[in-house]
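Colleague: A predicted structure for the sequence below; I have some questions about it.
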Amino acid sequence: MITSNSNYRTTLFYFDNVDQLRDFESFKICPVHAGQHIPDTEADKAEYWCVIGIYKAEHAQANQSPSFPVADLPTELYANLFAQLCHQLVSSTPDSAPTKALKEALQSQPLMA
């Protein structure tokens, strides 16, 4: 089931360089309600969706956490697409087409706080 909330439209990225995503080995999405991750079984209450990066072992120890949010997106669909794109990025070389495409896409969008 794909859910969305039309009241939340902001997309936030918690990294300032696409290459930082290479610290992660995988990505998952989580529904969020009232600023808290909620179970998938309550996804219909989600206000937005968070993409969580799961650190590679060497980075998890350095950051004292196994995971970290990399982005908040307004819909489950956008979160899934972004997580898949991140997975393609970390599975590719730094000069590959997915890496270049993601860098170009993110750099072409103005960042607002």
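Modeller: Sure thing, it's come through.
Colleague: Check for me that Ala101 belongs to a strand.
Modeller: No. Ala101 sits outside any strand when classified using DSSP: H, G, I helix; E, B strand; the rest coil, being helix.
Colleague: That one: neighbouring residues, count only.
Modeller: Neighbour count for Ala101, taken as other CB atoms under 10 Å: 13. C-beta coordinates here come from the backbone N, C-alpha and C atoms, glycine included.
Colleague: Show the pLDDT at it.
Modeller: Here, the pLDDT recorded for Ala101 equals 75.
Colleague: Then the one 3 residues further on?
Modeller: Looking at Glu104, its pLDDT is 77.
Colleague: Could you check how far it is from Leu85?
Modeller: 12 Å (CB to CB, to the nearest Å).
Colleague: So for these two, which residue has more residues nearby?
Modeller: Higher neighbour count among Glu104 and Leu85: Leu85, with 16 against 10, using other CB under 10 Å.
Colleague: In terms of secondary structure, what does the helix or strand hosting the more buried one contact?
Modeller: Leu85 belongs to helix 76-90 when assigned by DSSP states H and E. Packing partners of helix 76-90 (3 or more CB pairs under 8 Å, 6 or more residues apart in numbering; DSSP states H and E): strand 24-33, strand 48-55, strand 67-73, helix 97-107.
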